[in-house]
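K.L.:
I'll drop the sequence and a predicted model, then ask my questions.
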Amino acid sequence: MNRRNFLKNTGCLAIGFSLNTSFIDVPSPMLQELPASIKRHPNIDAWLQVLANGHVRIFTGKLELGQGIGTAISQVAAEELDLSMDLVEIVLADTARTPDEGYTVGSGSIEQSAMAVRFAAAAARQKLLELAAQQLGVPVEQLTMNNGTISTRNGNSSITFNQLLKGKQITDKVQAPVALKAREDYKLVGKAIHRSDINRMARGEQHYIQDLRFPGMVYASIVRPPAYEARLQQLDENALQKSIPGILKTVVNGSFVGVIAQDEYRAIKAQRWLQQHSKWTAGAKLPVGANMISYLKSLPTQNEKVAEKGSIAKDDTAWIKAQYYKPYHMHGSIGPSCALALYENNQLHVWSHSQGIFPLRESLAKLLKLSEEQIQVTGVPGSGCYGHNGADDVAADVALLAMAYPGKHIKLQWTRSDEHGWEPYGSAMIMEPSALLDSAGNITSWQYDMWSDTHSIRPGGDANNLLAAQHYATPLKEKAGFSGGGYRNADPYYTIPNQRVDAHFFKGPLRTSALRSLGAYANIFAIESFMDELAEKAGKDPFTFRLMHLQDERAKAVILKLQDMISTIKPPANTGIGIAFSRYKNSASYCAVAAQVNVQSNDAIQIQKMWAVIDSGEVINLDGLINQTEGGMIQSASWTLMEQVKFDVQHVTSRDWVSYPIMRFNQVPEVEVMVLDHPNEKAMGAGEAAQGPASAAIANAVYKACGKRIRNLPLQA
Amino acid sequence: MNTTIHIQVNGKKHSVEVDPSTPLLYVLRNQLALNGPKYGCGLQQCGACMVLINGKAEPSCMLPVAAAKDKTIVTLEGLIQKDNTLHPVQEAFVQEQAAQCGYCMNGMVISAVSLLNENPHPDDTAIRNGLQRALCRCGTQSRIIKAVKRAATKNAK
């Protein structure tokens, strides 16, 4: 199917857009701020189209990552247009079809895309009502809307969306003020609506990028160097053909090596053969045997002042100090990264689970020296990614192969070892908080220094940060990324009169980029562990001590609710309950977490139960919010208790699930989530709210259970 | 080196022209166009590729297709009943919304069906043991346990 023509061939309806002032809940244009995505893509039909079968199709520039965004956005659209959920279809990010909404990151899809769709749908509703009023000869106030039909209140006449639009679409611009549906009239938003994609997953229907199949499709594999910066010296294509006959093509460009074969197993066998029989230079040496904390602190740094308030008495001898450490973590997608590509008639079509298909298209154009118009990238869900994993890299790999082998769809499925060995990890971090307490137990001064590598090398429109570009005969150098992610949540949300927060960025031994919540996980682990240490010194219980330092009533509310939830629990011997709190990015969801942990005499740590109270403002999908928060706690429990990327002098040695263990069923805690709904507050994403506080709650519980204060992750008692 | 191999999948006989050492997973996905069993690690460590072999959950990512030719193989798709309704375990996963990205769901459902075949009323520990081989990264394990309990309750009725 040629999707480029899809938009071209759809008709337009350009009728003047007049505001109907009869809506009493129309806010003043001065008061109503349009969502940023609407400002960039103001036309209604960029977001919403009425189909011939009466369904409404929604376009989002975001991708489904398992967060249930497709369902949440559909709910918002169905609500504004009074449709049942089964009449709403959704098209996910596609450079030829949907608005460009950048990256699907930072828990921003509800705030950006769902709100854009809400405004577009509400504007469409206004327009449809006006058209119906003209057609039926009655005022708008006498009309009702239900499942694509607009009727007069007396029931005498009605007309469908399609009859009104006659195959055209609403091309008017969304302009403030838009009359949004009153919250008390909501039937869908805020409810725990089931995700329709889960049924399809349970049936094994096509859903993932891995499930895409095309006639004549061929399969590829990639041979990565044995070390960072190792260069290919010798590769014998003829010997490969003799050992594994039937290879369609071997593509070598500098140290970029790919193999294309008729069937997948042959591509894998060729990869193994080449890994064993090719010669490479030694490449970069990784630091082994060193204490990682002193090694990383010894590296040159770029320093940035994050926060400063009041004055800091550096020479005071009463400073209470501690040092915390978080090792490198993996994204650990259960399905390794995968992409497909077809190059035909000077056009490249790439299928990708990248979180940013528009910037990826720009990066690919530069890498391949094509124009952006020659490239279409279609977003297709992959396995959960939790940040910047191998998705963009595998797309670049397969695009290169497609250019070298035109006319066939090529599928490239990275192996487990490819993903574990080459994905950009979450950076190792060192955190050093210190504080002064007054006689009443208040924190008067706070200093915080943190050391980290970058938390984003997303390609962002350049070719440099794609692995293939770095392995080319004329390699591109990695470009520095977004440093701000490192000090996300580095300044405490607590009220402290004198503060100084500094970030120190090093270039560490491993490739790093965005992993769910970026630096917030480690910063909150440190801050919230330290808060318990300070509480003990101040002679206060952890709840009281936190509440003493908070002004924000919503922050206090989640902590008080958590206290209430666990008030009757009496932990048995060798068992403790720890708590922690954070407001993600200090501007998004509030979350308080408690963990009950048992520490056995052999020092084995078992997390028995975790509780969370979360406030994400207006709730769109209640079950989606609970699911994200449960999962956030369990994923964080795995990071906190078990995970660190291991390496030797040559390269990463954590290349499978034995050398990089993650939590299995026998260790998974029971979880319970309480949601505080604020229907009149801004809706905020929740996918990254629980990870930080979960880590410190566990560490604080270990201390309560056995008296050991563990400051280095993973926690080992 | 391709040979013709006959395998029985989801109640149907199939003959495939394939290198006999090809892992069963690749044959199921690429030759038979089934989506249920997924590639996760190729090392029998994560459970994404689980299928029922003679009624028991087994990883299919390392098993040569030649070794599967006399066995009865059922995939996620094969659990769907003749009237197109879901198997009680699949239905329980939908009811509990026991997924985020859902990539692990195949291994979870197949493991649970295998477990409930052997032990229709498993307790919490038996459920965890029955699912131990299958990894989930999104952290939906608590929902998966609830889904298996829900399906087991249906067994009692």
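P.N.:
Arrived safely. Numbers count the residues shown, from 1 in each chain, chains lettered A, B, ... in the order given.

K.L.:
residue contacts, A:Lys366?
P.N.:
Shown here is A:Lys366, whose contacts under the criterion C-beta atoms under 8 Å, 6 or more residues apart in numbering or on different chains are A:461-463. Just so you know, the C-beta spots here come from the backbone N, C-alpha and C atoms, and that holds for glycine as well.

K.L.:
what is the nearest of those to A:Ile110?
P.N.:
Each of the contacts of A:Lys366 was scored against A:Ile110 by C-beta to C-beta, and A:Gly461 proved nearest at 24.9 Å.

K.L.:
skipping adjacent residues, who's closest to A:Asp541 in space?
P.N.:
Of all residues not flanking A:Asp541 in the chain, A:Ala535 sits nearest, at 6.8 Å (C-beta to C-beta, 6 or more residues apart in numbering or on different chains).

K.L.:
the one you found and chain B: what is the separation?
P.N.:
Separation of A:Ala535 from chain B (C-beta to the nearest C-beta, to the nearest Å) stands at 28 Å.

K.L.:
over to A:Tyr219?
P.N.:
Remark: distance between A:Tyr219 and chain B (C-beta to the nearest C-beta) = 8 Å.

K.L.:
so that residue, which of the three states?
P.N.:
Applying DSSP: H, G, I helix; E, B strand; the rest coil to A:Tyr219 yields a three-state assignment of strand.

K.L.:
surely it and A:Asp263 touch.
P.N.:
Yes - here A:Tyr219 lies in contact with A:Asp263, judged by C-beta atoms under 8 Å, at a distance of 6.2 Å.

K.L.:
quick check: neighbours shared by the two?
P.N.:
Shared contacts of A:Tyr219 and A:Asp263, defined by C-beta under 8 Å, 6+ apart, comprise B:Asn30.

K.L.:
may I have the secondary structure class of the residue nearest in space to the middle of chain A?
P.N.:
When chain A is reduced to its mean C-alpha position, the nearest residue by C-alpha atoms, centre = their mean turns out to be A:Val105, at 4.2 Å. With three-state DSSP as the basis, A:Val105 sits in coil.

K.L.:
check contacts around the residue nearest to it when sequence neighbours are not counted.
P.N.:
Leaving aside its sequence neighbours, A:Val105 sits nearest to A:Gln355 (C-beta to C-beta, 6+ apart; 5.8 Å). Contacts of A:Gln355 were listed using C-beta under 8 Å, 6+ apart, and they are A:63, A:65, A:103-105, A:385, A:387-388, A:391, A:458.

K.L.:
again, only this time at 6 Å
P.N.:
By C-beta atoms under 6 Å, 6 or more residues apart in numbering or on different chains, A:Gln355 lies in contact with A:103-105.

K.L.:
one more: A:Val652?
P.N.:
A:Gly421.

K.L.:
export the contacts of A:Lys366 to TSV and append columns for pLDDT.
P.N.:
Written out in TSV, the entries for those read as follows (pLDDT from 0 to 100):
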residue	pLDDT
A:Gly461	94
A:Asp462	95
A:Ala463	96
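
K.L.:
could these be laid out in JSON lines, adding distance to chain B and neighbour count?
P.N.:
Formatted as JSON lines, these follow (distance: C-beta to the nearest C-beta, whole Å; neighbours: other C-beta atoms under 10 Å in any protein chain shown):
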{"residue": "A:Gly461", "distance to chain B": "26", "neighbour count": "16"}
{"residue": "A:Asp462", "distance to chain B": "28", "neighbour count": "18"}
{"residue": "A:Ala463", "distance to chain B": "28", "neighbour count": "21"}
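
K.L.:
which SS class is A:Ser517?
P.N.:
Taking three-state DSSP, the label given to A:Ser517 is coil.

K.L.:
for it, which non-adjacent residue is spatially closest?
P.N.:
The spatial neighbour of A:Ser517 that comes closest, neighbours along the chain excluded (C-beta to C-beta, 6+ apart), is A:Glu688 at 4.0 Å.

K.L.:
from chain B, how far off is that neighbour?
P.N.:
13 Å.

K.L.:
A:Gly106 is in contact with that residue, correct?
P.N.:
No - distance between A:Glu688 and A:Gly106: 7.5 Å, which falls outside the contact criterion (C-beta atoms under 6 Å).

K.L.:
please enumerate the strands of chain B.
P.N.:
With DSSP state E as the definition, chain B shows strands at residue ranges B:3-9, B:12-18, B:50-53, B:56-59, B:72-74.

K.L.:
how long is stretch A:338-350 end to end?
P.N.:
By C-alpha to C-alpha, to the nearest Å, the extent of stretch A:338-350 from end to end equals 11 Å.

K.L.:
outside of it, which residues touch it?
P.N.:
A:209-210, A:212, A:351-352, A:374-377, A:394-395, A:398-399, A:402-403, A:406-407, A:409-413.

K.L.:
and the helix or strand the residue nearest to A:Asp541 falls within, what's buried?
P.N.:
Following DSSP states H and E, one finds A:Ala535 within helix A:520-538. By neighbour count, with 16 or more other C-beta atoms under 10 Å in any protein chain shown as the criterion, the buried positions of helix A:520-538 are A:520-535, A:538.

K.L.:
tell me the confidence at A:Asn9?
P.N.:
According to the predicted model, the pLDDT of A:Asn9 comes to 36.

K.L.:
again, but for A:Val26
P.N.:
At A:Val26 the predicted local distance difference test score is 47.

K.L.:
can you pull the contacts of A:Phe506?
P.N.:
A:296, A:299, A:301, A:453.

K.L.:
and it, how far is that from chain B?
P.N.:
The value you get for A:Phe506 to chain B, if C-beta to the nearest C-beta is used, is 28 Å.

K.L.:
quick one, phi/psi of that residue?
P.N.:
Dihedral angles phi and psi of A:Phe506 (degrees, to the nearest 10) take the values phi -110, psi 170.

K.L.:
surely A:Gly441 touches A:Lys540?
P.N.:
Yes - under the criterion of C-beta under 6 Å, A:Gly441 lies in contact with A:Lys540, with a separation of 5.4 Å.

K.L.:
same question for stretch B:25-40: list its buried residues.
P.N.:
Under the neighbour-count criterion of 16+ other C-beta under 10 Å, stretch B:25-40 has B:25-32, B:34-40 buried.

K.L.:
check whether it contacts chain A.
P.N.:
Yes - under the criterion of C-beta under 6 Å from any C-beta of the partner chain, stretch B:25-40 makes contact with chain A via B:26, B:30, B:35-36, B:40.

K.L.:
save these as TSV, and put in distance to A:Val593 and pLDDT too.
P.N.:
As requested, the residues of stretch B:25-40 next to chain A are arranged in TSV below (distance: C-beta to C-beta, whole Å; pLDDT from 0 to 100):
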residue	distance to A:Val593	pLDDT
B:Tyr26	42	98
B:Asn30	44	98
B:Asn35	36	98
B:Gly36	35	98
B:Gly40	29	98
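
K.L.:
farthest-separated two in the residues you listed?
P.N.:
With C-beta to C-beta as the measure, no two of the residues of stretch B:25-40 next to chain A lie farther apart than B:Asn30 and B:Gly40, at 16.0 Å.

K.L.:
pull out the buried positions in the lengthiest helix in chain B.
P.N.:
Of all the segments of type helix in chain B, defined by DSSP state H, the longest one is helix B:141-156. Of the residues in helix B:141-156, those buried under the neighbour-count criterion (16+ other C-beta under 10 Å) are B:141-152.

K.L.:
restrict these to contacts with chain A.
P.N.:
Taking C-beta under 6 Å from any C-beta, the overlap between those and the neighbourhood of chain A is B:141-142.
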